[in-house]
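**Q** quick one: sequence and predicted model below, then my questions.
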Amino acid sequence: MNDSPQPSRIAFIGAGNMASAIFGGMLDSGYPAEAIVATSRSQEKRDDISQRYGIRTMQDNLAAVQQADVVVLAVKPQMMRDLCLSLRESVQARRPLIVSVAAGLDAATLDNWLGGDLAVIRCMPNTPSLVGAGASGLYANARVSDAQRQLVAELLTSVGLVEWVEQEAQIEAVTAISGSGPAYFFLFMESLEAAGVELGLSTESARRLALQTAFGAAKMARESEFDPAELRRRVTSPNGTTERAIQTFEEAGLADIVGRATQACAERARELSRELSK
């Protein structure tokens, strides 16, 4: 007789790239495929997911919720209100843990749309989750148990780093730093590549060098005992080539630009929250 606890049954409502990244990571970490179901309105999408991942798929959101211990809401924010209202009766009957990966919708709004008194976790993942190198910020409302927090942390760890925030407003900071952050680095890589071409390298060589340098710097920063500021100092020889470049960045106000950009991102996240919650 097997006395081991049964795995939580998890329903993904929506099966886009982020949902696929999460349940793909779960499967790679050993989570049983039979405990996962994903819904999609597209028959082609359902067939592709079933074939690629070996999980159950269905079109009926209500049927998926009725079997679930955890419901992951993974549709576009603009679609969330109608979805939640359509699920309200089934969610209230089943009372699963709700996990939302939609930007801009606070836990209280989701809870209200779903009928109230539910355990809700907001998750702000980012696109590197698609390659198992994500960073996800998590916020839990007061109804989420320690066991539920641990479960969701384990699920999200399968696609990268997990950081809990204790105040929901901090999710906007997560959005500004890691949620939108990959685009900042892509922009810098793009600019570095263009600079290499301007200096005489071929586009292919400039791109390979820029991308590998970004990868190497990130890997070095993650694995080093020193913080990024100290690592920068260690590769910046006095009166050398790197120092000249760093001085140029500083004279242009790079730190201030980053600060203003992240503040703008966080403010837009707050604006979206107000717009979507109406």
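**A** In hand now; what should we look at? Residues are numbered from 1 along each chain as shown.
**Q** residues touching whatever helix or strand Gln51 lives in, excluding its own?
**A** Here Gln51 sits within helix 43-53, counting by DSSP states H and E. If you take CB atoms under 8 Å, 6 or more residues apart in numbering as the criterion, helix 43-53 is touched by 15, 20, 23-24, 27, 33, 38, 40, 55-59. Heads up, the C-betas are built off the backbone N, CA and C, glycines and all.
**Q** now Gly157: how far from Arg56?
**A** For the record, residue 157 is Thr, not Gly. Plainly put, Thr157 is 23 Å away from Arg56 if you go by CB to CB, to the nearest Å.
**Q** check Arg94 too.
**A** 17 Å.
**Q** neighbour count for these two, which is higher?
**A** Taking other CB atoms under 10 Å, Arg94 and Arg56 do not tie; Arg56 has more neighbours (18 against 15).
**Q** end to end, how far does stretch 220-239 reach?
**A** 24 Å (CA to CA, to the nearest Å).
**Q** model confidence over it, on average?
**A** Stretch 220-239 comes out with an average pLDDT of 97.
**Q** what does stretch 207-214 give?
**A** Rounded mean pLDDT across stretch 207-214 is 98.
**Q** what stretches of the protein score poorly on pLDDT?
**A** Residue ranges of the chain with pLDDT under 70: 1-4.
**Q** all helices for it, in order.
**A** For the chain, applying DSSP state H gives helices covering 17-28, 43-53, 61-65, 77-94, 107-113, 146-157, 170-174, 181-198, 203-223, 228-234, 241-251, 254-276.
**Q** what's the angle between the last one and helix 241-251?
**A** Relative orientation of helix 254-276 versus helix 241-251 (axes from the mean of the first three to the mean of the last three CA atoms, to 10 degrees): 50 degrees.
**Q** report the buried residues of helix 254-276.
**A** Buried residues in helix 254-276, defined by neighbour count with 16 or more other CB atoms under 10 Å: Thr262, Cys265, Ala266, Arg268, Ala269, Leu272, Ser273, Leu276.
**Q** ok so, going back, so which of the helices of the chain gets nearest Tyr139?
**A** Among the helices of the chain, the nearest to Tyr139 by CB to CB is helix 170-174 (5.4 Å).
**Q** name the surrounding residues that touch that closest one.
**A** So helix 170-174 is contacted by Arg122, Met124, Gly137, Tyr139, Glu163, Val165, Ala266, Ala269, Arg270, Ser273 (CB under 8 Å, 6+ apart).
**Q** now with 6 Å, please.
**A** The contact list for helix 170-174 (CB atoms under 6 Å, 6 or more residues apart in numbering) reads Arg122, Met124, Gly137, Tyr139, Ala266, Ala269, Arg270.
**Q** got the contact list for Val65?
**A** Ala11, Val71, Leu87, Ser90.
**Q** how about the third one, nearest residue that isn't a chain neighbour?
**A** In this structure, Leu87 finds its nearest non-sequential neighbour in Val65, 5.6 Å apart by CB to CB, 6 or more residues apart in numbering.
**Q** how close does the one you found get to Met58?
**A** Look at Val65 and Met58: by CB to CB, they are 11 Å apart.
**Q** extract the C-alpha trace of the lengthiest strand in the chain and format it as PDB.
**A** Longest strand in the chain, counting residues (DSSP state E): strand 134-140. C-alpha atoms of strand 134-140 as PDB (Å, rounded to 0.1, in the frame of the first residue of the first chain):
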ATOM      1  CA  GLY A 134      13.400  32.900 -14.800                       C
ATOM      2  CA  ALA A 135      12.900  35.200 -11.800                       C
ATOM      3  CA  SER A 136       9.500  35.300 -10.200                       C
ATOM      4  CA  GLY A 137       8.100  37.600  -7.500                       C
ATOM      5  CA  LEU A 138       5.300  36.100  -5.400                       C
ATOM      6  CA  TYR A 139       2.700  37.700  -3.000                       C
ATOM      7  CA  ALA A 140       0.200  35.700  -0.900                       C
END
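**Q** circling back to that earlier point, could you check the angle helix 17-28 makes with the helix holding Gln51?
**A** Here the directions of helix 43-53 and helix 17-28 differ by 30 degrees (the same axes, to 10 degrees).
**Q** got the buried residues for helix 43-53?
**A** Lys45, Arg46, Ile49, Tyr53.
**Q** then stretch 98-112?
**A** So, applying 16+ other CB under 10 Å, buried residues of stretch 98-112: 98-107, 109-111.
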